[in-house]
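Peer 1: Here is a sequence with its predicted model. Questions after.
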Amino acid sequence: MGSSREYELLRKILVIAVFIFVIGFWLLYYSIRITICATTNYCESFGPITSPIDQLDGLVVFFGVAMMLLSLMIYYSTGGEK
């Protein structure tokens, strides 16, 4: 069994890994989004109707924020900073 210092270090590394994953996901998504908007007309809105890409943006932001908040909740519920 590892010591409590090793356990704390592992938890911090896992939280940082989740943040890096989400940031990488956002960067990849927005680079693909820019390519789609440059080559198609999916990004154009018509009046009050939002484009399909705008609707997808909301889902991507929700996913990223939810993952970050969930990882922080798990981190602090299992001991957090002492």
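Peer 2: Yep, that arrived.
Peer 1: could you say what helices and strands the strand or helix carrying F62 packs with?
Peer 2: Assigned by DSSP states H and E, F62 falls within helix 52-77. Packing partners of helix 52-77 (3 or more C-beta pairs under 8 Å, 6 or more residues apart in numbering; DSSP states H and E): helix 4-39. Backbone N, C-alpha and C define where each C-beta goes, glycine included.
Peer 1: got the angle for the helix it packs on vs helix 52-77?
Peer 2: 180 degrees (axes from the mean of the first three to the mean of the last three C-alpha atoms, to 10 degrees).
Peer 1: tell me what helix 4-39 is packed against?
Peer 2: Helix 4-39 packs on helix 52-77, going by 3+ C-beta pairs under 8 Å, 6+ apart.
Peer 1: For the helix it packs on, give the mean pLDDT please.
Peer 2: Predicted confidence along helix 52-77 averages 90 (mean pLDDT).
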